[in-house]
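>>> got a sequence here, can you build the structure:
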Amino acid sequence: MANEELKFDTLKIRGAYNSAEHNYAASVPIYETAAFDLGSAERAGNLFSFSELGFIYTRVGNPTTNVLEQRVAALDGAAAAVAVGSGMAAVTYTLFNVAENGGRILTTPYLYGGTIDSFKKIYPKFGVAIDKSENFHNPEELAKDIKPDTKAIFVESISNPNAVIADLEALAKVAHEHDIPLIVDNTFATPYLLNPIKYGADIVIYSATKALGGHGNSIAGLILESGKFNWGNGKFPQFSEELDYTLRDSEGNSRTFLDVFPESPFTWRVRKNYLAYFGAALSPFNSYLTLIGIETLSERIQKQVENTKKIIHYLEDNDKVEWIKHPSAKDNPYKELAEKYVPKGAGSIFSFGFKGTDEEINKFLNAIKLFNYHTNVGDVRSLIINSPKTTHGELTREEQEFSDIAPNTIRISVGLEDHEDLIADLDQAFEAASKNN
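Residues are numbered from 1 along each chain as shown. From the prediction side, this is the model:
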């Protein structure tokens, strides 16, 4: 059956895979090879002129990775996808591809600390300016922040660590009125909770290291495109230029990415230019691990969402908790947006404010026994971290304030353990933090 005829839970297990094309292997094989035989001079000519698509070198394409790319594209309703070595590589390649030769990216303060820090340290040195706007909840005001050389709007669908929900439909409307794409990092939501393309997103990014893979055992990133954005509208000349000699046809005629890949020019340009020459390739083994993780995506995410609600309910009655930031919490300002965009749940990552001193926070973290104290999220194991000192520790205090990261912020990523055990662990840690030395 074609992918478009299958439901989500069938696609996540069987999408983009025909065992007959892989020696009838029931599970997707790991093609652990650096290169592929070209077969003949004629076939080599076809491959290098793109009149036939196939595999040449694992740095730019591999059968195991190809199944991962096509499967996630099917789950998201995307035209195409390209897998890369990490979530940060996905962010970097995406923004460089869209703002090449200089330009601006309009973004929000509500982002992962490493993304914010890279925006400050790296992108300006490559001619890409970053504008952070406070107007993301006011589309009319946000439109005023778009400059003539703004190349894209970039947001996280559910933010790290405070679970801010982006109004994707409104943001897409503003972006498209100015002929620029909306780029959405959908890492926390995964396609199980949210399909950004459905609401107008043009490019979707994942750190597949997180909830997509779900087991904390591999680093991976993905870039997807909707296939609907007009990259030939004049704002993105890199897609129309005929400078890429390797795009010529078999008769030597020059062609552009829009000519050769009309339905997926963005991801193909990432693959041919940035993946090929910057080289953050995803290994076939990590592609395989990510595919295995995706097979249980719905079941994992649903239980994690349920566990999250129960833990938040417990924390709301704890006198050592000053505040909780997640749409499941009482009086959260993003409840309405969450009901629209993530009706199955707003993910399993949230933050709370520890009511106490820095010393008590450290005692609390040191007393934790069941939660893993490290920087990953979306794992089957429950995780805990003090974000201002770690995941957002690159930011100055002023930058943390701008991003609404309070000094007493604790981030939790809820796993698949029994919620009663998790609550008991938090309870004993709160009690330990309250005891005098």
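>>> packing partners of the helix or strand E299 falls within?
E299 is part of helix 297-316, with elements assigned from DSSP states H and E. Judged by 3 or more Cβ pairs under 8 Å, 6 or more residues apart in numbering; DSSP states H and E, the packing partners of helix 297-316 are helix 8-14, helix 190-193, strand 321-325, strand 349-354, helix 419-434. From N, CA and C alone the C-beta is placed, and that goes for glycine too.
>>> residues contacting that helix, please?
8-9, 12, 190-193, 211-212, 214, 321, 324, 326, 328-330, 344-348, 350, 352, 380, 382, 412, 414-417, 419, 422-423, 426-427 (Cβ atoms under 8 Å, 6 or more residues apart in numbering).
>>> how much does that helix deviate in direction from helix 419-434?
Between the axes of helix 297-316 and helix 419-434, defined by axes from the mean of the first three to the mean of the last three Cα atoms, to 10 degrees, the angle is 40 degrees.
>>> buried residues, helix 297-316. List them.
297-298, 300-301, 303-305, 307-309, 311-312, 314-315 (16 or more other Cβ atoms under 10 Å).
>>> endpoints of stretch 345-363, how far apart?
32 Å (Cα to Cα, to the nearest Å).
>>> what about stretch 337-350, average pLDDT?
Average pLDDT, stretch 337-350: 98.
>>> how close does the residue sitting nearest the centre point of the chain sit to T94?
Centrality entry for the chain: nearest residue to the mean C-alpha point is Y206, 2.3 Å, by Cα atoms, centre = their mean. Using Cβ to Cβ, to the nearest Å, Y206 is found at 11 Å from T94.
>>> S250 too?
From S250 over to T94 (counting by Cβ to Cβ), the distance is 31 Å.
>>> neighbour-wise, which of the two wins?
T94 (29 against 11; other Cβ atoms under 10 Å).
>>> hang on, that one packs against V184?
No: counting by Cβ atoms under 8 Å, T94 does not reach V184; the two are 10.4 Å apart.
>>> return every residue with contacts to both of the two.
I203, I205.
>>> so where is the protein shaky, pLDDT-wise?
1-4, 437 (pLDDT under 70).
>>> swap the cut-off to 80 and go again
Scanning the chain for pLDDT under 80 picks out the ranges 1-4, 242-244, 250, 436-437.
>>> so what's Y199 closest to, chain neighbours aside?
Leaving aside its sequence neighbours, Y199 sits nearest to L168 (Cβ to Cβ, 6 or more residues apart in numbering; 4.1 Å).
>>> residues contacting that neighbour?
V155, S157, L182, V184, P196, Y199, G200, A201, Y341.
>>> could you dump those into CSV with distance to N46 and secondary structure added?
Putting these into CSV (distance: Cβ to Cβ, whole Å; DSSP: H, G, I helix; E, B strand; the rest coil) gives the following:
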residue, distance to N46, secondary structure
V155, 41, strand
S157, 40, coil
L182, 36, strand
V184, 36, strand
P196, 35, helix
Y199, 39, helix
G200, 37, coil
A201, 34, coil
Y341, 44, helix
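>>> now the two most distant members of the residues you listed.
L182 and Y341 (13.5 Å; Cβ to Cβ).
>>> compare those two (neighbour count), which wins?
Comparing L182 with Y341 by other Cβ under 10 Å, the one with more neighbours is L182, at 27 against 24.
>>> that one: what's it in contact with?
L182 touches 152-153, 155, 168, 171-172, 175-176, 196, 200-203, counting by Cβ under 8 Å, 6+ apart.
>>> now flag whichever of these is closest to S434.
Nearest to S434 among the contacts of L182, with distances taken as Cβ to Cβ, is V155, at 38.6 Å.
>>> how about the closest one, nearest residue that isn't a chain neighbour?
That would be A166: by Cβ to Cβ, 6+ apart, it lies 4.5 Å from V155.
>>> what about that neighbour, neighbour count?
With other Cβ under 10 Å as criterion, A166 counts 28.
>>> please list all residues in contact with it.
By Cβ under 8 Å, 6+ apart, the neighbours of A166 are T108, F136, V155, E156, S157, I158, S159, V184, L337.
>>> returning to what we had before: ok, of the contacts of L182, which come out buried?
152-153, 155, 168, 171-172, 175-176, 196, 200-203.
>>> turn those residues into CSV, columns for distance to S387.
Shown next, in CSV, are the buried ones among the contacts of L182 (distance: Cβ to Cβ, whole Å):
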residue, distance to S387
A152, 26
I153, 25
V155, 19
L168, 24
L171, 25
A172, 29
A175, 29
H176, 33
P196, 24
G200, 30
A201, 26
D202, 30
I203, 26
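>>> closest to T396 among those?
V155 (22.1 Å).
>>> what about the closest one, distance to A172?
From V155 to A172 the distance is 10 Å (Cβ to Cβ).
>>> and what of K320?
41 Å.
>>> try H392
27 Å.
>>> sorry, back to before: okay, the helices and strands packed on helix 297-316, which one's buried deepest?
helix 190-193 (a mean of 26; mean count of other Cβ atoms under 10 Å).
>>> can you name the next helix or strand after that helix?
Moving toward the C-terminus from helix 190-193, the next element (DSSP H and E) is strand 203-207.
>>> buried residues, the following helix or strand past that following strand. List them.
Of the helices and strands lying after strand 203-207 in sequence (DSSP H and E), the nearest is strand 221-225. Burial within strand 221-225, assessed by neighbour count using 16+ other Cβ under 10 Å, is assigned to G221, L222, I223, L224, E225.
>>> just the element for the residue nearest to the first one when sequence neighbours are not counted, please.
This means G221. Excluding the flanking residues, the one nearest G221 by Cβ to Cβ, 6+ apart is A90, at 3.4 Å. Secondary structure from DSSP H and E places A90 in helix 87-98.
>>> packing partners of that helix?
Helices and strands touching helix 87-98, by 3+ Cβ pairs under 8 Å, 6+ apart, are helix 113-121, strand 150-156, strand 182-185, strand 203-207, strand 221-225, helix 265-269, helix 276-278.
>>> phi and psi next, for I410.
Here is the backbone geometry of I410 (degrees, to the nearest 10): phi -120, psi 130.
>>> residues near it, how many?
Neighbours around I410, by other Cβ under 10 Å: 22.
>>> and the gap between it and T33?
For I410, the distance to T33 - Cβ to Cβ - is 45 Å.
>>> spatially nearest residue to K330, not counting backbone neighbours?
E316 (6.1 Å).
>>> for E431, see how far away the one you found is.
For E316, the distance to E431 - Cβ to Cβ - is 18 Å.
>>> surely H374 and L383 touch.
Yes: between H374 and L383 there is a contact under Cβ under 8 Å: 6.2 Å.
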